[in-house]
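Asks: Need coordinates for the below:
(one chain, ligands or ions: 1)
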Amino acid sequence: MSLLKINNLTKNFGGLAAVSNVNLELGKNELVGLIGPNGAGKTTLFNLLTGVYEPSEGDVLFYNEGKKERLNGMKPFKVANKGLSRTFQNIRLFKDLTVLDNVLIAMNGKQPVGVLTGILRLPNFYKSEKKMTEKALDLLAIFDLKEKETSLAKNLSYGEQRRLEIVRALATEPKLLFLDEPAAGMNPQETAELTELIKKIQREFDLTILLIEHDMSLVMDVCERIYVLEYGQMIAEGKPEEIKTNKRVIKAYLGGDL
Ligand SMILES: Nc1ncnc2c1ncn2[C@@H]1O[C@H](COP(=O)(O)OP(=O)(O)OP(=O)(O)O)[C@@H](O)[C@H]1O
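Replies: Model (predicted):
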């Protein structure tokens with residue numbers, strides 16, 4: 001069953017087509033990779049899918065509980081409310097807030113009580129706040145960050161900050177998660193641990209994941225299917241073993257081995 005469909009998507013920056021006539025489809029519960037050399041258009045594509053950019057041409061269609069919705073032109077917070085969440089290539093945390101507060105802020109849009117209940121601090125407000133805190137701590141525990149709940153985000157190691165970013169994205173209870181280079185800057189052991197975590201959250205949270213990653217071992221290990229972009233165009237799509245031996249893909253990566 002299709003969850004997201006991208007039809008002939010194009011984004012022009014002046015004379016440059018950063019994304020050109022791209023088609024892509026994600027089925028429910030799929031874990032799909034998006035790879036390509038530097039400047040291929042991967043992040044631009046994520047920005048088109050999450051409302052940061054409006055497409056120059058084409059459609060982004062989201063199949064939400066049987067209803068087809070067109071996401072083009074929707075503001076990022078609206079796209080997030082539909083159940084599409086993302087992490088960024090450059091870490092975007094509230095560095096001077098605690099780990100727990102970083103997660104609670106991400107959850108805020110999901111606060112189930114009304115504004116008045118919140119302003120007047122009625123009993124339901126405290127009940128819901130307690131529930132949210134418990135949920136945030138459960139998520140932090142999965143990512144081995146529970147003991148750090150009171151640490152300031154800026155005092156976490158690089159790998160921990162990257163994990164906290166994923167926790168924040170999950171806190172919005174997404175149906176579709178876009179991960180932009182989650183292993184960037186991680187050492188091999190941290191990358192191996194993250195690989196296992198990505199597999200685990202996809203299973204346990206009933207998620208569909210699209211993953212941009214330069215670390216080929218991670219991509220080949222976790223992804224069921226892989227799309228390859230080069231100069232804004234989708235040059236290949238297939239299973240990891242097909243992508244590894246695809247001549248056009250190998251050429252795009254300067255003739256090197258994947
Ligand atoms: N806001 C912008 N204005 C003008 N050009 C842009 C803009 N954003 C991206 N580009 C250009 O579009 C092309 C694709 O960039 P993009 O960042 O999407 O590539 P990428 O595949 O994510 O690269 P990397 O792997 O290095 O992160 C590049 O040539 C880039 O310079």
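
Asks: With adjacent residues omitted, what lies nearest to L97?
Replies: A153 (6.2 Å; Cβ to Cβ, 6 or more residues apart in numbering). Any C-beta I mention is one placed from the backbone N, CA and C, and that applies to glycine too.

Asks: Over to G73?
Replies: The nearest residue in space to G73 (Cβ to Cβ, 6+ apart) is E54, at 5.1 Å.

Asks: which residues sit in contact with N102?
Replies: By Cβ atoms under 8 Å, 6 or more residues apart in numbering, N102 lies in contact with L93, F94, A153, L164, R168.

Asks: my guess is the residue nearest to L97 contacts V103, does it?
Replies: No: applying Cβ atoms under 8 Å, one finds A153 not in contact with V103, separated by 10.1 Å.

Asks: just to revisit the earlier point, show me how to select, in PyMOL, the buried members of the contacts of N102.
Replies: To isolate the buried ones among these in PyMOL, judged by 16 or more other Cβ atoms under 10 Å, type:
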select buried, resi 93+153+164+168
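
Asks: Name the nearest of the contacts of N102 relative to the ligand.
Replies: The nearest member of the contacts of N102 to the ligand, counting by Cβ to the nearest ligand atom, is L93 at 19.5 Å.

Asks: From L49, how far out is the closest one?
Replies: 22 Å (Cβ to Cβ, to the nearest Å).

Asks: Heading C-terminal from the least confident helix or strand in the chain by mean pLDDT, find the next helix or strand.
Replies: Ranking every helix and strand in the chain by mean pLDDT, DSSP states H and E puts helix 115-119 at the bottom, with a mean of 61. The first helix or strand that comes after helix 115-119 along the chain, using DSSP states H and E, is helix 123-142.

Asks: Buried ones in that next one, by neighbour count?
Replies: Counting neighbours by 16+ other Cβ under 10 Å, helix 123-142 gives F125, S128, M132, K135, A136, L139, L140, I142 as buried.

Asks: what's the next secondary structure element after that helix?
Replies: Next along from helix 123-142, by DSSP H and E: helix 158-171.

Asks: list the buried ones in that following helix?
Replies: Buried residues in helix 158-171 (16+ other Cβ under 10 Å): 159-171.

Asks: The next helix or strand after it pairs with which strands?
Replies: Scanning forward in sequence from helix 158-171 by DSSP H and E, the next helix or strand is strand 176-180. Partners of strand 176-180 in the sheet, by DSSP bridges, are strand 84-86 (parallel), strand 208-212 (parallel).

Asks: Good, we can wrap up now.
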